[in-house]
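>>> The sequence and its predicted three-dimensional model are supplied below.
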Amino acid sequence: LTNSVRSNRPQHLSMKDFGSRNMRRLLIERSRFWAKIKKINPTFIKLTSRVIVRSGLGGLNQKIKFTAEQPKEPMKRLNLLLLLLLALSAVSCSDDQPQDGEATADDASGQVEEQKTIRLLSYRHLPADDSLWQQLKSEQGYQVDVEQASPQEMLQRLKNGSPADVAIFPDLRDAAVAKQEGLLQFHGLPGLDSYYKSRLRDDEGYWTGLSRRYPVIVYKTEAEEAPAPSFLFLSQPSQRGKVLLPPADDPILQSIVAAISVQGGQQAARNWVESVKANAAQGSPVSGGRERLLALANGGAEFTIALLDEFAALRNPGTYAELQQAEQLEAVMPKDGEGETHYNLSCAVVPEGGDSRKAAVLIEYLCSQKAQETYTAASFQYPANVMALPSEFLLNYMGGIRDDEVSAATISQYLPVARELLQEAGWPQ
């Protein structure tokens with residue numbers, strides 16, 4: 001601080017005198033400082049400032065003069081200095097306290113965290129899934145909150161207005177039902193991986209297939225004959241009493257009947273339903289693919305229908321007892337006359353009321369090559385992205401698969417027809 005200035009220094013300055021960006025910043029900071037001082041007690045002390053600029057080889061030199069309406073005795077000056085220090089301390093404390101109506105830093109961070117949170121309702125929640133959510137958070141900053149529920153519970157929650165941004169169903173049937181009942185909203189995917197199979201997505205954009213799931217014929221190794229690679233094998237009269245049936249509401253059974261209706265017509269599908277029903281083994285029907293496989297291993301039936309990933313999970317069990325049961329079973333992949341295989345899908349949807357922008361982030365991420373390999377390998381399913389590889393077990397056991405060229409959207413349109421045919425035939429529930 002200084003009490004006087006030299007008379008030959010300029011008293012007034014214009015912006016053209018300031019060639020330095022630092023000087024303009026200094027003036028702005030100075031004005032803010034004095035505004036805070038005056039806000040505390042404008043009548044207690046008047047402060048004025050004057051910037052003195054002296055140019056030379058050393059650059060810009062600045063001094064600020066303070067003038068107070070107090071006597072200039074040393075003790076008075078000391079008191080003034082103490083008052084200034086107290087004022088600065090008060091300014092600092094006042095800045096740290098939130099004013100009425102102002103959001104604190106914690107509030108702001110909470111709002112940001114909420115904005116970057118994706119609410120997921122899913123039929124599955126595996127450790128591999130958690131690694132994907134962590135990867136998404138590190139790459140794009142989105143946190144995924146997962147709530148697990150059965151497909152039936154998921155449909156009911158969507159009817160009740162679930163707050164989820166994304167829901168993942170285990171099969172195409174449930175996604176198609178949710179669409180038909182008006183529980184979903186369209187979701188665009190502008191960043192969808194170019195190697196994603198487009199025929200695995202709804203034509204109208206209401207569901208997106210995340211993985212391919214193949215129905216197979218599973219048989220006992222001690223069966224009299226190995227099944228031919230066709231679902232027609234199960235309808236032959238020679239298999240009377242040997243086929244352990246799934247119930248009529250089984251989504252995989254319904255998708256098979258829908259595929260037969262598309263390829264061969266409704267009469268061909270009706271004949272198949274009636275013939276397979278006539279071959280039902282004792283104990284039919286059995287709900288759940290895994291439960292059906294265990295019943296086949298321990299019962300008198302020789303054949304059943306299950307998903308390849310359910311069979312693969314049983315062949316890679318957590319206990320030795322389960323492995324002993326699984327070793328009694330083998331699986332064959334049915335094909336049509338063209339050598340193509342029918343498939344089902346696990347599907348991602350966006351419920352009504354969900355944030356479609358956040359949903360697109362998660363679904364696009366799950367359809368990428370890297371995420372596809374992790375997501376599908378953990379559940380022994382086949383990827384929907386052609387550049388992603390399935391698990392080593394599937395490659396060794398089943399190898400490559402040639403998919404049916406019929407789109408999943410077309411199959412979904414015939415699912416109501418399949419349900420009617422099963423009901424007409426009196427298929428056991």
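Received, thanks.
>>> wait, residue 122 sits on residue 170?
No: using CB atoms under 8 Å, residue 122 and residue 170 do not qualify as a contacting pair, with a distance of 9.1 Å. For every residue, glycine as well, the C-beta is placed using N, CA and C.
>>> okay, these two: which has more neighbours?
Set side by side, residue 122 and residue 170 show unequal neighbour counts under other CB atoms under 10 Å, the larger going to residue 170 at 25 against 21.
>>> Near the residue nearest to that one when sequence neighbours are not counted, how many other residues are there?
Nearest residue to residue 170, sequence neighbours excluded (CB to CB, 6 or more residues apart in numbering): residue 123, at 4.6 Å. For residue 123, the count of nearby residues is 18 (other CB under 10 Å).
>>> who touches residue 123 in this structure?
When contacts are counted by CB atoms under 8 Å, 6 or more residues apart in numbering, residue 123 is found next to 148, 149, 150, 151, 154, 168, 169, 170, 346.
>>> show me where pLDDT drops low in the stretch 1-150 of the chain?
Counting by pLDDT under 70, the ranges of the stretch 1-150 of the chain that qualify are 1-114.
>>> can you do 90?
Scanning the stretch 1-150 of the chain for pLDDT under 90 picks out the ranges 1-115.
>>> same question, the stretch 151-300 of the chain
Where the stretch 151-300 of the chain drops to pLDDT under 90, the residues are 162-163, 198, 224-225.
>>> all strands in it, in order from the N-terminus.
Assigned strands in the stretch 151-300 of the chain, in chain order: 166-169, 207-213, 215-220, 243-244 (criterion: DSSP state E, counting those that start in this stretch).
>>> Distance to residue 395 and mean neighbour count added to those, as a markdown table?
Compiled in a markdown table, the strands of the stretch 151-300 of the chain are given as follows (distance: least, CB to CB, whole Å; neighbours: other CB atoms under 10 Å):
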| stretch | distance to residue 395 | mean neighbour count |
| --- | --- | --- |
| strand 166-169 | 24 | 28 |
| strand 207-213 | 14 | 26 |
| strand 215-220 | 16 | 23 |
| strand 243-244 | 28 | 25 |
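>>> Any idea how many residues pack against residue 282?
Other residues near residue 282 number 9, with proximity taken as other CB under 10 Å.
>>> The closest residue to it other than its chain neighbours: neighbour count?
Beyond its immediate neighbours in the sequence, the residue positioned closest to residue 282 (CB to CB, 6+ apart) is residue 300, lying 6.4 Å away. Residues contacting residue 300 under the criterion other CB under 10 Å number 13.
>>> Test my guess that residue 300 contacts residue 281.
Yes: with contact defined as CB under 8 Å, residue 300 reaches residue 281; the gap is 6.7 Å.
>>> OK, contacts around the residue nearest to residue 204 when sequence neighbours are not counted?
When the adjacent residues along the chain are set aside, residue 204 lies closest to residue 186, with 6.9 Å between them (CB to CB, 6+ apart). Neighbour list for residue 186: 204, 205, 206, 350, 356 [criterion: CB under 8 Å, 6+ apart].
>>> before we move on, what about residue 307?
The contact partners of residue 307, by CB under 8 Å, 6+ apart, come to 213, 214, 215, 216, 252, 289, 344.
>>> Would you reformat those as CSV and include distance to residue 223?
Rendered in CSV, the data for the contacts of residue 307 read as follows (distance: CB to CB, whole Å):
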residue, distance to residue 223
213, 24
214, 21
215, 19
216, 15
252, 21
289, 19
344, 25
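>>> tell me which of these is nearest to residue 384?
For these, the closest approach to residue 384 (CB to CB) belongs to residue 213, at 10.6 Å.
>>> my read: residue 305 touches residue 227, true?
No: in this structure, residue 305 sits apart from residue 227 without contact. The criterion is CB under 8 Å, and the distance is 10.7 Å.
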